[in-house]
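> This is a predicted model, with the sequence first.
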Amino acid sequence: MKKKLSLQDKAELAMKEAIKEVVARHKKTGRPLAIWKKGKVVRISADSVVDRD
């Protein structure tokens, strides 16, 4: 039997999927990703991102 997902769970799944798509697009085009680190915006190589699946 399938577990019914809460709205919060659905939103989290959608956000994770969107992030995967953005990282993949940046890897394909060679553009850096902008992330928030220690209170500042930092650009990192998309190739340095590790997939946590």
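Cool, got the structure.
> Give me the below-cutoff pLDDT ranges for the chain.
Residue ranges of the chain with pLDDT under 70: 1, 53.
> tell me the helices in the chain, going along the chain?
For the chain, helices defined by DSSP state H occupy the ranges 7-29.
> Now do the most centrally placed residue in it against Val50, distance only.
Computing the C-alpha centroid of the chain and ranking residues by Cα atoms, centre = their mean puts Ile19 first, at 2.5 Å. Separation of Ile19 from Val50 (Cβ to Cβ, to the nearest Å) stands at 13 Å. In short, each C-beta sits where N, CA and C put it, glycine included.
> cool, and Lys38?
Relative to Val50, and taking Cβ to Cβ, Lys38 is found at 19 Å.
> likewise Ser6?
Distance, Ser6 to Val50, by Cβ to Cβ: 28 Å.
> Those two - which one has more neighbours?
More crowded of Ser6 and Val50, by other Cβ atoms under 10 Å: Ser6, with 9 against 4.
> Quick one: residues contacting the more buried one.
Under the criterion of Cβ atoms under 8 Å, 6 or more residues apart in numbering, Ser6 has no contact partners.
> swap in Arg43?
When contacts are counted by Cβ under 8 Å, 6+ apart, Arg43 touches 32-35.
> Nearest to Val23 among those residues?
Leu33 (6.8 Å; Cβ to Cβ).
> right, and that closest one touches Val41 too?
No: with contact defined as Cβ atoms under 8 Å, Leu33 does not reach Val41; the gap is 10.6 Å.
> quick one, which of those two is more surrounded?
Neighbour count, other Cβ under 10 Å: between Leu33 and Val41, Leu33 has more, with 18 against 8.
> Report the beta-bridge partner residues of that one.
Beta-bridge partners recorded for Leu33 (DSSP bridges): Ile44.
> I'd like the distance from Ile46 to Lys37, if you could.
One thing to correct before we go on: residue 46 is Ala, not Ile. Ala46 is 15 Å from Lys37, where distance means Cβ to Cβ.
> Have a look at those two and say which one is more surrounded.
Between Ala46 and Lys37, counted using other Cβ under 10 Å, Ala46 has the larger neighbour count: 17 against 8.
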